[in-house]
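K.L.:
Pasting a predicted model and its sequence here:
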Protein chains: 2
Amino acid sequence: MPHTKCNCIVAQSGGPTAAINASLAGVIQGVFCSETFDTVYGSINGILGILNQKIMNLSEISRNKPHFIETLKTSPAMYLGSCRYKLPDYKEDDKPYRDIFHFFETRNIQAFFYIGGNDSMDTVMKLGHYGKRIGSPVSIIGIPKTIDNDLAVTDHTPGYGSAAKFVASSLLEIAHDTFIYALKSVTIVEIMGRDAGWLTAASALARNNYNAAPHLIYLPEVPFSKTTFLADVNRLLTTHNNVIVAVSEGIRDENGDYISATAASADTFGHSQLSGTGKALEYMIKEQIGIKVRSIELNVLQRCASHTASLTDLNESFQLGCKAVEGAEQGETMCMLTMHRTSQHPYCVSIHFSSVDDIANQTKVIPREWINEAGNDITPALHDYMLPLIQGEPDLKYQDGLPVYLPIDHLL
Amino acid sequence: MPHTKCNCIVAQSGGPTAAINASLAGVIQGVFCSETFDTVYGSINGILGILNQKIMNLSEISRNKPHFIETLKTSPAMYLGSCRYKLPDYKEDDKPYRDIFHFFETRNIQAFFYIGGNDSMDTVMKLGHYGKRIGSPVSIIGIPKTIDNDLAVTDHTPGYGSAAKFVASSLLEIAHDTFIYALKSVTIVEIMGRDAGWLTAASALARNNYNAAPHLIYLPEVPFSKTTFLADVNRLLTTHNNVIVAVSEGIRDENGDYISATAASADTFGHSQLSGTGKALEYMIKEQIGIKVRSIELNVLQRCASHTASLTDLNESFQLGCKAVEGAEQGETMCMLTMHRTSQHPYCVSIHFSSVDDIANQTKVIPREWINEAGNDITPALHDYMLPLIQGEPDLKYQDGLPVYLPIDHLL
């Protein structure tokens, strides 16, 4: 460990979550408590900020702005902005790598923290391997986040619990909204998740002692059959007035083709259009059953609804940020922080550093045994897995009737 | 006032809001405090409950269930269910009228409270006129609710403030979600409101010292021009990376035709489909500007999101319920409770009983002077009108990570 302090830098990448700023807040807090690191810089718009020299001094900002860290912890999306940039293979083009490691040198940076999902872990892996090759001492550490909960090795991912809480509470409220009419109807709720059904599965948490909705859950892990779907709905309509269906945007048929109203649709302006999975199921019901049907797409609200975040999620995300700084102090590199569930009752996780090579570019889907045999519902084991992740509500400040979030004018 | 106590009955009708149960809670509370009324009955699924003999004893339930009134106050949609039933003209068919007033007699009912919007006030008016004709002493009183805020005479309607708070906070969160990418994009947010733009206008409350979104607001009160819309967006794209547009589902062109992607669209299954207004605007951008564009429909979430209700709205709705009982004691009938803003700073309303004849089947739209000249934004006067209505957050109870609402299994 050097006698004079060195610096570090953090960036965020991929899609927004309600918890990704909590991890950033954790990194900043970790640096405040660190004897190794002096200043933590922030790279604007992911790794692109380093390449384009768009850098903030987060230590200075958080010292000067009152309540910065606590407000950051509960603010949606990325305070540092995001990118979808993928590093080239350094054997083919090492220019960005040379620029990035040169930047590290000029600022005396000894650790780079990348908060993100699958694609971001690809960047962590590539930078880590390049750094090793050139003998760089810089720690390259990934901090997970994704509402999709599809990262390998870790028990779950930061951001998932908050999105799951929004999905479950919205489903419960949609059930209240739907059950008021004594008319037969079907409601389709489309939930995010292209390859893994974790977030759609969270809709089951809306069930309680009076609400059985969603009555059907369709996940990308099981091939979708239109015939079975219509039979499922018809069967339920014999005993229920209002049938509510949760469906992942990523369901595919036996041939692996997405179920979405994609083809030759043309609107008033004559364009071909792509509609969503919820709409596709809505049309199937309309056409084949001919009953009142509505589809609801939760859309981006499910990933940015910080006003109903999970406190467990925010706290864990914050802890991972702090822990990442400790890891860098201890020389960890080419790794991602992972959570391991050490106890279910009471719920408890331990934090580890796992090799990013085992994580990058992998997708963790729901194990088949956590989905019922018919492929239209989850099992109690998956319910028990999810339940602790949505617990607790952050104490948000409100001003003029709205939650107070951290200004993001530096991104505009 | 009779020496022995009489009874009363309450029903809910129309579309859900986050505050309609607060008015029901107010009626029940009002009856508890009343020297005139003994039991308050609830009619299931609006006026249909009386016709079909589906009646609950709300006094008994609320005495026996702990925290019934306070949980009811913060529960979404209708505890008593809803209907879309319209009474016939009694001169053509008085059967339902005779049934209803016969029911009143058999249960010693001296007051009927109908919590609803425009259509429900039509029922109040018709029952009131029929009652007057037959010399019935039963008070027929309307208690307003609608997220659309389009009832005449009253300053605003219960339910609007909570929906407005959800719309504004969602817009703010969508802005955070959108601004993270340093890429040009347009986001369209479709908000409810077929004839009046009040709820879409509430999106403007998301603006603050760092967020100027929504940058454009299109309301049903002003004819929509595709050419002007595209020019508006193009102009903003020269100075902004991410343009956010709030649009009412009810916008129409100069000929009065709805702007929606209605026409000959056909999905994979070969059906003609009707898409929404947001989608129509999305397609216009895609086709004419060719930039990254996304549309988000807030859908039913905006009317049932009790987890982010406005405390001001819930308190006023509760007060109207209590006041309705007082009005019935004092012989008010054929009226609807209205709020009149007596002061803006501090915000204050007084409650009155206004003739339902002046309210039923009317639609109050936004005055033209509260919309900017270009017809793509609101004025500060409308902002000031809306701001007090979204203030305050209810203290919700949570269990297993979700808000605790009143069970509605009696509707299933």
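P.N.:
Yes, it's here.

K.L.:
Which parts of the stretch 51-200 of chain A are strands?
P.N.:
Applying DSSP state E, counting those that start in this stretch to the stretch 51-200 of chain A gives strands spanning A:55-57, A:109-116, A:139-144, A:185-191.

K.L.:
Ignore what I typed, I meant the stretch 201-350 of chain A.
P.N.:
A:216-218, A:242-248, A:265-266, A:272-273, A:292-297, A:335-344, A:347-355.

K.L.:
rewinding a little: so which of the strands of the stretch 51-200 of chain A gets nearest chain B?
P.N.:
Chain B sits nearest to strand A:185-191 of all those, at 8.4 Å, using Cβ to the nearest Cβ. All C-beta spots, glycine's among them, are computed from the backbone N, C-alpha and C.

K.L.:
who's in contact with that closest one?
P.N.:
A:167, A:170-171, A:174, A:178, A:199-200, A:202-203, A:214, A:233, A:237, A:241-249, A:276-279, A:281-282, A:285, A:289, A:291-298, A:302 (Cβ atoms under 8 Å, 6 or more residues apart in numbering or on different chains).

K.L.:
contacts with chain B among those residues, please.
P.N.:
By Cβ under 8 Å from any Cβ of the partner chain, the members of the contacts of strand A:185-191 lying near chain B are A:S170, A:I174, A:N241, A:K279, A:R294, A:I296, A:E297, A:L298.

K.L.:
on that earlier part again, now distance to B:T363, mean neighbour count and mean pLDDT too, for the strands of the stretch 51-200 of chain A, in CSV please.
P.N.:
Output for the strands of the stretch 51-200 of chain A, formatted as CSV (distance: least, Cβ to Cβ, whole Å; neighbours: other Cβ atoms under 10 Å in any protein chain shown; pLDDT from 0 to 100):
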stretch, distance to B:T363, mean neighbour count, mean pLDDT
strand A:55-57, 50, 16, 98
strand A:109-116, 49, 28, 98
strand A:139-144, 51, 28, 98
strand A:185-191, 26, 26, 98
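
K.L.:
A:R341: which of these is closest?
P.N.:
strand A:139-144 (14.7 Å; Cβ to Cβ).

K.L.:
about what we covered before: pull out the buried residues from the contacts of strand A:185-191.
P.N.:
Buried members of those, counted by 16 or more other Cβ atoms under 10 Å in any protein chain shown: A:167, A:170-171, A:174, A:178, A:199-200, A:202-203, A:214, A:233, A:237, A:242-249, A:276-279, A:281-282, A:285, A:289, A:293-298, A:302.

K.L.:
check contacts around A:I141.
P.N.:
A:111-114, A:124, A:324, A:327-328, A:332-333, A:335-337, A:353.

K.L.:
Write down the beta-bridge partners of it, one by one.
P.N.:
Using DSSP bridges, the bridge partners assigned to A:I141 are A:F113, A:C335.

K.L.:
Can you tell me which residues in the stretch 51-200 of chain A are near chain B?
P.N.:
A:75-78, A:81-84, A:165, A:168-170, A:172-174, A:176-177, A:179-182.

K.L.:
Who are the contact partners of the nearest residue to A:M121 once chain neighbours are set aside?
P.N.:
Leaving aside its chain neighbours, A:M121 sits nearest to A:A360 (4.1 Å; criterion: Cβ to Cβ, 6 or more residues apart in numbering or on different chains). If you count contacts by Cβ under 8 Å, 6+ apart, A:A360 has them with A:N118, A:M121, A:D122, A:V124, A:M125.

K.L.:
same check, this time on A:G14
P.N.:
Neighbouring residues of A:G14 by Cβ under 8 Å, 6+ apart: A:S82, A:R84, A:G116, A:G117, A:N118, A:D119, A:S120, A:K145, A:T146.

K.L.:
For chain A, which segments are assigned as helices?
P.N.:
With DSSP state H as the criterion, chain A has helices at A:20-32, A:48-51, A:58-64, A:68-73, A:95-106, A:118-134, A:160-178, A:198-201, A:226-237, A:277-288, A:301-304, A:311-329, A:380-386.

K.L.:
Can you lay out those as CSV showing distance to B:Y347 and mean pLDDT?
P.N.:
CSV is the format used below for the helices of chain A (distance: least, Cβ to Cβ, whole Å; pLDDT from 0 to 100):
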stretch, distance to B:Y347, mean pLDDT
helix A:20-32, 33, 98
helix A:48-51, 44, 97
helix A:58-64, 35, 96
helix A:68-73, 27, 97
helix A:95-106, 53, 98
helix A:118-134, 46, 96
helix A:160-178, 27, 98
helix A:198-201, 40, 98
helix A:226-237, 47, 98
helix A:277-288, 40, 93
helix A:301-304, 29, 95
helix A:311-329, 32, 98
helix A:380-386, 42, 98
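
K.L.:
Show me chain A divided up by domain.
P.N.:
As given by automatic domain parsing, the domain ranges for chain A are A:6-159+A:305-361, A:163-303.

K.L.:
Could you save those domains as TSV and add columns showing distance to B:G131?
P.N.:
Formatted as TSV, these follow (distance: least, Cβ to Cβ, whole Å):
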stretch	distance to B:G131
domain A:6-159+A:305-361	45
domain A:163-303	26
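
K.L.:
Which of these sits closest to B:D195?
P.N.:
Among the domains of chain A, domain A:163-303 comes nearest to B:D195, with 20.3 Å by Cβ to Cβ.

K.L.:
so how far is the closest one off the chain centroid?
P.N.:
Centre-to-centre, domain A:163-303 and its host chain are 21 Å apart (Cα atoms, centre = their mean, to the nearest Å).

K.L.:
can you give me the end-to-end distance of that domain?
P.N.:
5 Å (Cα to Cα, to the nearest Å).

K.L.:
Mind listing residues that contact stretch A:281-298?
P.N.:
For stretch A:281-298, using Cβ under 8 Å, 6+ apart, the contacting residues are A:166-167, A:170, A:174, A:183-192, A:226, A:229-230, A:233-234, A:237, A:245, A:247, A:259, A:261, A:276, A:278-279, B:267, B:269, B:271, B:273, B:296-297, B:299-301.
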